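Q: Output the structure for:
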Amino acid sequence: MNSATNPTSFPEPTIIAVNGVELEVFEAGQHNAGRPIVLCHGFPDLAYTWRNQVPALVAAGYHVIAPNQRGYGNSSRPAEVVAYDIAHLTGDLVALLDHFGYADATFIGHDWGAFVVWSLTLLHPERVSGVIALSLPYLVRGDVPWLDFMEAVLGSDYYFVHFNRKPGVADAVFDADPARFLNNLYRRNEPVMPPQPGMVLIETARTETPSGDPLLSESELSVYTAAFESSGFTGGINWYRNLNRAWHQLADADPIVQQPALMIYGERDAVARAEHLATFVPNVEETSLDSGHWIHQERPEETNRAIVTWLKAQEASAG
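A: Below you'll find the predicted structure:
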């Protein structure tokens, strides 16, 4: 992401060796050392997703650390599916804190990044001082492994299930034309539609008439396209292929998140709200924005305001 393809002056990356892999890390606000905040993207996304949040967080006094997580960008892309399980993904974040010499940090996650952050609070609670989640609320660990439950309720074409039952199929479709898939997926102002038959993400990748309006500018789309043309989508899809493994790996963890948390929903997001979030996250504050799934990109100013206001409130209560 050099200046020729990065019009928003996103930080230049550093390759950092952690936890047996190399992560491409974008860092800003080093002069705010001692006040770390780690930004965790989802699928199919990049650290670049936080381009509108980084300046606001630096201005608020934070040392911002935004990795391309394993499987993405120029970070390592191990071949083994199990290398993307929740123990590895959270282990990368712990090792990243160790690299920078931090005992703990506030973590912000969107989509899959939120799942990783929620899981981090369960597996390594001492390393998390606060949680900000966008789109995906805390996922309660029920009696049935998550993928089995999804298949029983939502069917074999549900994209989580499809990724697992038909490995390689979606990968090939996405890889065939990353620019079209990403442009079709990153939309705003999409009409609310009932569920359609088939595997929704494959249909999205193939359609020539996407709904709504493009979310990314041409220059922003070029950053995403170049990254996924290089990396492919399999690394990110492998996160989905470990969901049942995560269910088992989280079995012995205390399911209650004690850290203060902010949950930001998109009012038009297809991801469901959690009806009883405070049962498992007792110190949570919930808010919602007039947005679809890509909350922090669709509504950057409102997102930044909600995040910074919450962070200041936490500091005030702690002080």
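
Q: drop to CA atoms for contacts and neighbour counts, all remaining ones
A: Fine.

Q: show me where this protein has helices.
A: With helices called from DSSP state H, the chain shows them at 54-59, 86-100, 112-123, 146-154, 159-165, 169-176, 178-185, 200-206, 218-231, 234-240, 243-249, 277-280, 295-298, 300-318.

Q: Only the buried residues of stretch 40-56, if you could.
A: Across stretch 40-56, burial judged by 16 or more other C-alpha atoms under 10 Å covers 40-56.

Q: Check the offset of that stretch from the chain's centre.
A: Its chain's C-alpha centre and that of stretch 40-56 lie 8 Å apart, by C-alpha atoms, centre = their mean, to the nearest Å.

Q: Let me see the residues that make contact with that stretch.
A: Stretch 40-56 has contacts (C-alpha atoms under 8 Å, 6 or more residues apart in numbering) with 8, 10, 26, 28, 39, 64, 66-69, 72-73, 107-114, 117, 224, 233, 236-237, 296-297, 300, 304, 308.

Q: And it, end to end?
A: Start-to-end span of stretch 40-56 (C-alpha to C-alpha, to the nearest Å) is 16 Å.

Q: Run through the residues that contact the closest residue to Ala253 other than its chain neighbours.
A: The shortest distance from Ala253 to any non-neighbouring residue, by C-alpha to C-alpha, 6 or more residues apart in numbering, is to Leu122 (5.8 Å). Each residue near Leu122 by C-alpha under 8 Å, 6+ apart is listed here: Leu250, Ala253, Asp254, Pro255, Ile256, Val257.

Q: Let me know how buried the third one is, in neighbour terms.
A: The local packing count at Asp254 equals 13, with neighbours defined by other C-alpha atoms under 10 Å.

Q: Now do the residue lying closest to it once chain neighbours are set aside against Tyr102, distance only.
A: Of all residues not flanking Asp254 in the chain, Leu122 sits nearest, at 6.3 Å (C-alpha to C-alpha, 6+ apart). Per C-alpha to C-alpha, Leu122 is found 18 Å from Tyr102.

Q: tally of neighbours for Asn164?
A: Look at Asn164: counted by other C-alpha under 10 Å, it has 18 neighbours.

Q: For it, give me its contacts.
A: Going by C-alpha under 8 Å, 6+ apart, Asn164 touches Tyr240, Arg241.

Q: Relative to Tyr158, how far out is it?
A: Distance of Asn164 to Tyr158, given as C-alpha to C-alpha: 10 Å.

Q: cool, Gly236 as well?
A: For Gly236, the distance to Tyr158 equals 17 Å [C-alpha to C-alpha].

Q: swap in His248?
A: According to C-alpha to C-alpha, His248 and Tyr158 sit 21 Å apart.

Q: Mind checking which of the two has more residues around it?
A: Applying other C-alpha under 10 Å to His248 and Tyr158 shows that Tyr158 carries more neighbours, namely 18 against 13.

Q: Please report how far Ala59 lies from Ile65.
A: Ala59 sits 14 Å away from Ile65, going by C-alpha to C-alpha.
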